[in-house]
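> Fold the stuff below for me.
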Amino acid sequence: MRRTHTWILAFLIAGLLASTGCDTSDPGVTEQPSEEEPEEPALEEVCGPTVEPEVGTRWTHQESGTERTVTDITFLDDQTGRAIVRKWGNDAEPPLLLKTSDGGQTWCRIAVASHKVGTEMGSALFFVDSEVGFIGGEGTRVMKTTDGGYHWPMNKQVYDSYVWFHAMSFLNDQTGWVAGGNGLVFRTNDGGGTWTRQEINFNQPIFSIVFPDPADPALGLLAGNSGALFRTTDGGGTWTRLDSGVDQIIGSVAFADATTGVAVGGEQGMGFILRTTDGGATWEQVVADYDVGLNDRWVGFQDVDFGVDGFGVVVGGKALLVTTDGGATWTQEETGTDAEFFAVSVQGPDAAWVTLDDGLILRRKASSALP
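Have a look, this model is predicted:
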């Protein structure tokens with residue numbers, strides 16, 4: 001979905017960052033100078049085929065062309081999708097932008113030039129449309145493309161800090177938010193040219209940001225470490241912390257409609273799902289202590305997204321659950337893979353995609369297509 005989630009690693013290093021004395025107390029407006037890159041030739045696009053579907057499963061295996069982890073994915077409709085392969089640490093490979101215009105039958109890969117990024121990039125991804133997109137990552141950097149990923153002329157450090165941006169949400173090509181480590185939240189009203197910090201009185205990582213109703217840009221939610229849920233009704237001018245009822249990581253928030261949504265997370269191989277029916281004002285737990293199959297790791301549910309008619313998918317560890325009633329009830333589905341799930345994007349019951357740590361992408365197909 002439109003949020004990227006590499007929050008497990010971030011949780012493990014949060015204590016290290018805190019011990020280095022990172023400044024988290026400087027609110028206000030930041031107008032860092034743009035760091036525009038010289039014009040370059042368009043990056044090369046390489047495309048590859050789809051793997052045949054597994055027999056007996058509803059999920060088609062799609063070949064991304066890489067064996068690296070696909071850390072985030074977003075679909076604009078049932079045909080047009082974008083995904084990001086993050087650059088990890090001193091990995092010699094640059095980030096990869098993955099593109100499809102046929103529902104994932106074919107994925108094309110564009111290597112985002114390594115000299116344009118810091119040590120790590122690609123922990124957050126958001127595309128407003130098929131051409132305008134943003135990538136976030138280490139050092140509070142944001143990159144922007146206006147031609148579908150072939151050029152990235154904007155490479156801006158939003159704030160003087162090492163921490164990562166983990167989440168992005170945009171209403172259009174001008175207005176959007178980024179959020180990440182040390183409770184940093186910023187808003188732009190000019191397509192990323194300048195950013196204004198929004199204070200939330202929280203110094204732990206934020207992993208998800210969502211504005212659920214396009215008709216109401218004032219209503220938004222943030223989620224992060226220690227069960228943190230924040231809500232705004234004035235476009236982020238003020239954020240109020242809510243009672244989530246949990247004290248573990250909340251990794252992702254998504255809404256089925258303007259009032260009904262879920263927040264998912266967990267730790268140590270156990271996941272939970274919270275649900276709201278009043279636009280995020282109050283929450284109740286509908287799934288608790290769900291075994292995601294990786295009890296030796298700091299992982300629970302990592303990502304969730306909704307499509308039409310209350311259909312949604314949540315992933316984390318080796319577990320994948322679906323709902324058909326806006327998150328009130330959930331059922332696990334088999335996918336024919338034993339890899340670890342990372343991210344999900346949903347348009348509907350026969351148009352949902354999930355990413356895995358071995359580069360594989362899965363698409364859910366209609367029940368009539370089952371063998």
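
> Please enumerate the strands of the stretch 201-350 of the chain.
Using DSSP state E, counting those that start in this stretch, the strands found in the stretch 201-350 of the chain span residues 206-210, 220-224, 229-232, 240-241, 250-255, 261-267, 270-276, 284-291, 303-306, 312-316, 319-323, 331-332, 341-348.

> now the last one: mean pLDDT?
I take that to be strand 341-348. The predicted model assigns strand 341-348 a mean pLDDT of 96.

> That strand vs strand 312-316, what angle?
Angle of strand 341-348 versus strand 312-316, following axes from the mean of the first three to the mean of the last three CA atoms, to 10 degrees, is 180 degrees.

> about what we covered before: tabulate the strands of the stretch 201-350 of the chain in CSV, adding columns for mean neighbour count.
Glycine gets a C-beta too; all of them are placed from N, C-alpha and C. Shown next, in CSV, are the strands of the stretch 201-350 of the chain (neighbours: other CB atoms under 10 Å):
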stretch, mean neighbour count
strand 206-210, 28
strand 220-224, 28
strand 229-232, 22
strand 240-241, 13
strand 250-255, 28
strand 261-267, 27
strand 270-276, 23
strand 284-291, 15
strand 303-306, 28
strand 312-316, 29
strand 319-323, 22
strand 331-332, 10
strand 341-348, 24
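
> strands paired with the helix or strand encompassing Val46, and their directions?
Element membership for Val46, per DSSP states H and E: strand 45-48. Here strand 45-48 is paired, per DSSP bridges, with strand 107-111 (antiparallel).

> about what we covered before: check the offset of the strand holding Val46 from the chain's centre.
23 Å (CA atoms, centre = their mean, to the nearest Å).

> From the contact counts, what lies against the host helix or strand of Asn155?
Here Asn155, judged by DSSP H and E, is contained in strand 154-157. The helices and strands touching strand 154-157, judged by 3 or more CB pairs under 8 Å, 6 or more residues apart in numbering; DSSP states H and E, are strand 141-145.

> Can you list the neighbours in contact with the following helix or strand past the strand holding Asn155?
As assigned by DSSP H and E, the chain's next helix or strand after strand 154-157 is strand 165-170. Identification of contacts with strand 165-170 by CB atoms under 8 Å, 6 or more residues apart in numbering yields 2-7, 10, 123-126, 128, 134, 136-137, 140-142, 158, 176-181, 184, 205-211, 220, 222.
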